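Q: Provided below are the primary sequence and the corresponding predicted coordinates.
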Amino acid sequence: MKVLVINCGSSSLKYQLIDSDTEAVIAKGLCERIGIDGKLTHQTMGKDKYTVDAAMPDHNAAVKFVLDALLDTDKGAIASLSEIDAVGHRIVHGGEKFANSVVITDEVMAAIEECNDLAPLHNPANLIGIRACQAHMPGVPMVAVFDTAFHQTMPDKAYTYAIPYEYYENYKIRRYGFHGTSHSFVSKRLAELIGRDIKDTKLIVCHLGNGSSITAVDGGKSVDTSMGLTPLAGLPMGTRSGDIDPAILEFIAGKEGKSVEEITTILNKKSGVSGLSGVSSDFRDLNAAANDGNEIAKVTLEAYAYRVAKYIGAYTAAMNGVDAITFTAGVGENAAWLRPMVAKYLGYLGVELDEAASQKACGVEGIISTPESKVKLCVIPTNEELAIARETLALVK
Ligand code: ADP
């Protein structure tokens, strides 16, 4: 079967066509600047990658370009749309309504719409993407896979905020967590890699990318995670601040005469390792700057590694132990130099990094702790598109 995975942003649309039998990517691409002008980048595996400017006034037009690219006799991947058996949509926020992926119906669409408040930039775009696909592929089963669903197993002690309870009752303000598809996929693989039944394991998944979050997975279930009501919470990220004293908002507002919206934008787009270092949001640039003697870049990386280690400590306490910890996503998978900076805080757990194994495990899976290490340290590449394709297939089969 062939599953089309769609990830719609407000002005972008990423897609992958996946062969569910071999789990190989058949074709993938990206539409950018939707609603502005429009650009499509497409590659069918084994053929040349190309980019074209294409007028995309809305997501409907973008989906049409994607399908035409897939159908192209020269550079395409399929002869007919009937070859697409199902479509899996990444949905950012499922609120408390969705603890699992679901087949998309009118009721599901309405329920996703009710969560728009919680993710005003993402959910409306996700819905537009679903409607556009429905218009062009009527009758093809579609599945919604939520970033928040995996974390719905968190207990109330982990998801409640210590603010007046009526805010939870009235507006559902609580911790939801994100990157759930990745944390679920990677934790399952981590249990396999260490040869354990996931039901009997305590795992910590460090998803360190441009967006970063850490999750405690006890017995296969998320019991706590670092992102919150929105993806702004937790670790410092490429451009997001992560956890800060909430009183800082009023303080900056008073000093600079900025509105709450303006400061929230600064916390989302101009903070994190980019804001702190003044160098870049990209960890490769930061490492290069630190190696060149840039002191604030060094401090930024130390601050980042320190916070990763603090979350690991907190989640070890939350689960009363930990069997294995894994790094994943762009930074976690590739930045071998970051791992000793984190591991140096974990000696009390009996963690012993195997530096040579860690150097080898760049962009590939591996156990990077010594055989004597009491807690296993690993690298597992995440694959959110494949996880979405698997979820989709499981529901439409
Ligand atoms: P997203 O959150 O956008 O999905 P990714 O998981 O793809 O992000 O991670 C992107 C980040 O990974 C980049 O910003 C970059 O800092 C980092 N990265 C990618 N390759 C490397 C590398 N070789 N060394 C260090 N960092 C890397």
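A: Received, thanks.

Q: Any idea how far apart the tips of stretch 85-99 sit?
A: 24 Å (CA to CA, to the nearest Å).

Q: Averaged pLDDT, that stretch. What do you get?
A: Averaged across stretch 85-99, the pLDDT comes to 97.

Q: For it, buried residues please.
A: For stretch 85-99, the buried set under the neighbour-count rule, 16 or more other CB atoms under 10 Å, comprises 85-95, 97-98. Placement of C-beta: from N, CA and C, glycine included.

Q: Would that stretch count as contacting the ligand?
A: No: if you take CB under 6 Å from any ligand atom as the test, stretch 85-99 misses the ligand, and the best it gets is 11.5 Å.

Q: Enumerate the residues of the protein near the ligand.
A: Checking the chain against the ligand by CB under 6 Å from any ligand atom, the hits are 209-211, 238, 281-284, 329-331, 334-335.

Q: Let's see that with 5 Å instead.
A: G209, N210, G211, D282, F283, R284, A329, G330, V331, N334, A335 (CB under 5 Å from any ligand atom).

Q: Quick check: longest strand in this protein by residues?
A: Identified as the longest strand of the chain according to DSSP state E is strand 24-32.

Q: which helices and strands sit right next to the helix or strand following it?
A: Toward the C-terminus, strand 24-32 is succeeded by strand 39-44 as the next helix or strand (DSSP states H and E). Applying 3 or more CB pairs under 8 Å, 6 or more residues apart in numbering; DSSP states H and E, we find strand 39-44 packed against strand 24-32, strand 50-53, helix 59-71.

Q: Okay, now the sheet partners of the second one, with direction.
A: This means strand 50-53. strand 39-44 (antiparallel) (DSSP bridges).

Q: Going by neighbour count, which residues of the strand it pairs with are buried?
A: Neighbour counts over strand 39-44 (16+ other CB under 10 Å) mark K39, L40, H42, Q43, T44 as buried.

Q: so what's H122 up against?
A: Listed by CB atoms under 8 Å, 6 or more residues apart in numbering, the contact partners of H122 are G9, S10, V92, H93.

Q: For the residues you listed, could you give me TSV that also reports secondary structure?
A: Converted to TSV, these look like this (DSSP: H, G, I helix; E, B strand; the rest coil):
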residue	secondary structure
G9	coil
S10	coil
V92	coil
H93	coil
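
Q: out of these, which one sits closest to the ligand?
A: Using CB to the nearest ligand atom, G9 comes nearest to the ligand of those, at 10.9 Å.

Q: confidence score at the nearest residue to the closest one once chain neighbours are set aside?
A: Using CB to CB, 6 or more residues apart in numbering and skipping the chain neighbours, the partner closest in space to G9 is A125 (5.6 Å). Per-residue pLDDT puts A125 at 90.

Q: Shouldn't A125 be within a helix?
A: Yes: looking at A125 with three-state DSSP, it is inside a helix.

Q: from what I can see it touches N7, true?
A: No: with contact defined as CB atoms under 8 Å, A125 does not count as touching N7 (9.8 Å).

Q: List the contacts of the host helix or strand of A318.
A: Using DSSP H and E, A318 sits in helix 295-319. The contact list for helix 295-319, computed with CB under 8 Å, 6+ apart, reads 158, 202, 204, 206, 208, 214-216, 218, 223-224, 226, 234-236, 242, 273, 276-279, 283, 286-287, 289-290, 322, 325, 338, 341-342, 345-346, 349.

Q: From the residues of the chain next to the ligand, which land in helices?
A: Among the residues of the chain next to the ligand, the members falling in helices (DSSP state H) are F283, R284, A329, G330, V331, N334.

Q: Would you check which pair of those residues lies furthest apart?
A: R284 and A329 (14.1 Å; CB to CB).

Q: Tell me which of the two has more neighbours.
A: Set side by side, R284 and A329 show more neighbours around A329, with 23 against 12, by other CB atoms under 10 Å.

Q: how many neighbours does the residue nearest to the more buried one when sequence neighbours are not counted have?
A: Nearest in space to A329, with sequence neighbours left out and distances taken as CB to CB, 6+ apart, is G209 at 3.4 Å. Using other CB under 10 Å, G209 is surrounded by 19 other residues.

Q: what's the answer for K298, then?
A: Residues lying near K298 (other CB under 10 Å) number 16.

Q: what's the answer for P124, then?
A: Neighbourhood size, P124 [other CB under 10 Å]: 15.

Q: and what of F327?
A: Residues lying near F327 (other CB under 10 Å) number 27.

Q: repeat for A77
A: 22.

Q: before we move on, the earlier item: let's have the residues of the chain next to the ligand in a markdown table, adding distance to L17 and pLDDT.
A: Shown next, in a markdown table, are the residues of the chain next to the ligand (distance: CB to CB, whole Å; pLDDT from 0 to 100):
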| residue | distance to L17 | pLDDT |
| --- | --- | --- |
| G209 | 23 | 95 |
| N210 | 24 | 93 |
| G211 | 25 | 94 |
| D282 | 29 | 96 |
| F283 | 30 | 97 |
| R284 | 30 | 97 |
| A329 | 23 | 96 |
| G330 | 23 | 95 |
| V331 | 28 | 97 |
| N334 | 26 | 97 |
| A335 | 30 | 98 |
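
Q: And the furthest pair within those?
A: Based on CB to CB, the longest span within those runs between G211 and R284 and measures 16.7 Å.

Q: picking up where we left off before, and the contacts of helix 295-319, which are buried?
A: The neighbour count (16+ other CB under 10 Å) marks 158, 202, 204, 206, 208, 214-216, 218, 223-224, 226, 234-236, 242, 273, 276-277, 279, 283, 286-287, 289-290, 322, 325, 338, 341-342, 345-346, 349 as buried among the contacts of helix 295-319.

Q: From those residues, which land in strands?
A: The strands, defined by DSSP E, take in K202, I204, C206, L208, I214, T215, A216, D218, V223, D224, I325 from the buried ones among the contacts of helix 295-319.
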